[in-house]
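Asks: generate coordinates for the sequence data below:
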Amino acid sequence: MLSALIGSFISAMATVLGAVPLLFVKQLSEKWKDILIAFTAGIMVSATTFGLIPQALLETNLLIMTLGLLFGIVVLDLLEKNIPHIDVERGKSVKSFDSKSLLIIIALIIHNIPEGLSTGFSYASLNEGLGPLIAIAIGAQNIPEGLILAVFLMQSKVSKWKTLAIVTITGLVEVVSAIIGYFTATYIQWLIGFGLSFAAGAMLFIVYKELIPETHGHGYERPATYSFIIGLLVMIYLSYFVS
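Replies: Model (predicted):
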């Protein structure tokens, strides 16, 4: 339980880490933003392919793995369709911190719940090394997410320190949902395999729907591609030495 709590907390605080650079600089270049996001995508694909799915098959059968993976995709798809998006690229910010800003923050909090559950399910699995790996993967995804949220809030005339506090709150939601996922899977054993598959589906959806498209369109596709491969290899090496 303690390891799950620590892992989920570190993963969640990666959201804050993503926002920290904006305390010192006004913005990050498109090139480095694409490289960072592509690196994150590589980490998540690797964690899903070599960690979550194989472990889910060990914990349960092929049918449950398939259903869990599809359920994770559908849940993330519904969230993407029904909650507002932060569209920093097109300048869709607001002039002051109003109800629209609050709606965006609530949306991100809801979006972070499946990520926290994924961490909790991973720590509840039979593979002791899986939890830290998934926490790293989701933490890596949280860094650009925190950066984008911070950019949006600062464009909306929110102060730097208030921005950092809001980003921290959205990250802490993952800790709560991770604890819920851990205890639920611990007491309902069959849910572990389903939960791991759910996490795999959710992460694959995020990669293909959000992360990869974000890195293609600014003219930095080639360095982003290399960054993706490096991220994938980094997670393979981590998985090799942890397990």
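Asks: C-terminal to the helix or strand of the chain with the lowest mean pLDDT, what's the next element?
Replies: Across the helices and strands of the chain, mean pLDDT, DSSP states H and E gives its lowest value to helix 99-124, namely a mean of 75. Next helix or strand after helix 99-124 toward the C-terminus (DSSP states H and E): helix 130-155.
Asks: any idea how far that next one is from the chain center?
Replies: Put simply, helix 130-155 sits 6 Å off its chain's centre (C-alpha atoms, centre = their mean, to the nearest Å).
Asks: can you give me the angle the next helix or strand after that helix makes with helix 130-155?
Replies: As assigned by DSSP H and E, the chain's next helix or strand after helix 130-155 is helix 160-187. Here helix 160-187 points in a direction 150 degrees away from that of helix 130-155 (axes from the mean of the first three to the mean of the last three C-alpha atoms, to 10 degrees).
Asks: output the contacting helices and strands for helix 160-187.
Replies: For helix 160-187, the packing partners by 3 or more C-beta pairs under 8 Å, 6 or more residues apart in numbering; DSSP states H and E come out as helix 2-19, helix 99-124, helix 130-155, helix 190-205. Using the backbone N, CA and C atoms, a C-beta is placed for each residue, glycine as well.
Asks: tell me the buried residues in that helix?
Replies: 163-164, 166-167, 170-175, 177-179, 181-182, 184-186 (16 or more other C-beta atoms under 10 Å).
Asks: stretch 127-135 now?
Replies: For stretch 127-135, by 16+ other C-beta under 10 Å, it's 127, 129-135.
Asks: ok, stretch 47-57 next?
Replies: Going by 16+ other C-beta under 10 Å, stretch 47-57 has these buried residues: 47-56.
Asks: what about residue 214, how many residues nearby?
Replies: Neighbours of residue 214 under the rule other C-beta atoms under 10 Å: 19.
Asks: flag the shaky bits of the protein, pLDDT-wise.
Replies: Applying pLDDT under 70 to the chain flags the ranges 1, 22-23, 25-28, 83-104, 107-108, 111, 155, 242-243.
Asks: quick check: residue 115 touching residue 175?
Replies: No - with contact defined as C-beta atoms under 8 Å, residue 115 does not count as touching residue 175 (10.7 Å).
Asks: so what's residue 214 up against?
Replies: 34, 37 (C-beta atoms under 8 Å, 6 or more residues apart in numbering).
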